[in-house]
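K.L.:
Here is my input; please provide its structure:
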Amino acid sequence: MVEYDIADILEERDLGVFSKMMQEAFEERVGTNRFFRITGTPADLGQISTDVDQSALLELLEKPPNPHGRSGGWDVRPLPPLKRTALGLENQRIEFHHMKFIKNGHLEFWTAIDQYSCWQQDPVEMKIHPRLYPYPAVEHPLSFLRLYRALADLLRIHGDILFQMQYLNIKGAILLPYISLKVSASSIPSSLSGPLRATGWYLNGGGLRKASIPIRAR
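P.N.:
Reported below is the predicted structural model:
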């Protein structure tokens, strides 16, 4: 069982060590279930210590930017309510639109690979070979970037941001061919100035590949 002292997490300044802590905590909670996860972390972990009681923060996280005015879809709105924790803010259920915010500016979004991720797929077939629907594969990351852009503005986070994205336990998953999941640099929110680095796993021709891609917002 992975256990970290709350003070150790909040006081950690090494980005690699902190990311490992968050990864291990995530994997322990989801076990062998299929999950999607995306995170954003300031490279300078000591830059801020957020007051989680500010109403503007809670309102932003519960109602992320929604430029299309949709009432539903594959966004990153957390399943309410978000509650204060010793680390920051988090909702309780993890299998659908789970969000975790830590006072140092770290933000996570998780959701299970289920009937929403495999839209219109036969449930029996989905258990064997989940077929990832292209829309959530694109919309979740893009919605998360929009949210983090607004979060960085609100908290005055400056400097580099590390974004990490992954699909966990999806051996046997397939993606419909001839559908590009590329997110261009022009899709990255422009107010996050300076170099960004997107790292994680992506799907290519049905296979899983690892990528570490430096991106400059423009």
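K.L.:
Point me to the residue sitting closest to the centre of this protein.
P.N.:
Against the mean C-alpha coordinate of the chain, by CA atoms, centre = their mean, the closest residue is Ile38 at 2.2 Å.
K.L.:
In terms of pLDDT, where does the closest residue in space to that one that isn't next to it in sequence sit?
P.N.:
Nearest non-adjacent residue to Ile38, counting by CB to CB, 6 or more residues apart in numbering: Met165, 4.5 Å away. No exception for glycine: its C-beta is placed from N, CA and C like everyone else's. Met165 carries a pLDDT score of 95 in this model.
K.L.:
Met165 belongs to a strand, doesn't it?
P.N.:
Yes: checked against DSSP: H, G, I helix; E, B strand; the rest coil, Met165 lies within a strand.
K.L.:
Just grab the bridge partners of it for me.
P.N.:
Going by DSSP bridges, Met165 is paired in beta bridges with Ile38, Gly200.
K.L.:
residues touching the residue nearest to the centre of the chain, list them.
P.N.:
Listed by CB atoms under 8 Å, 6 or more residues apart in numbering, the contact set of Ile38 reads Glu108, Phe109, His140, Pro141, Phe144, Phe163, Gln164, Met165, Gln166, Gly200.
K.L.:
phi, psi of the first one?
P.N.:
Dihedral angles of Glu108 (phi, psi; degrees, to the nearest 10) stand at phi -130, psi 150.
K.L.:
tell me which of the contacts of Ile38 is nearest to Arg34?
P.N.:
Closest approach between the contacts of Ile38 and Arg34, by CB to CB: Gln166, at 11.4 Å.
K.L.:
Just confirm that closest one contacts Arg37, I think it does.
P.N.:
Yes: the pair Gln166 / Arg37 is scored as a contact, 5.3 Å apart, by CB atoms under 8 Å.
K.L.:
So between these two, which is more surrounded?
P.N.:
Arg37 (22 against 19; other CB atoms under 10 Å).
K.L.:
number of nearby residues for the residue nearest to Ile38?
P.N.:
Residues contacting Met165 under the criterion other CB under 10 Å number 20.
K.L.:
correct me, but it touches Arg37?
P.N.:
Yes: Met165 is within contact range of Arg37, at 7.2 Å (criterion: CB under 8 Å).
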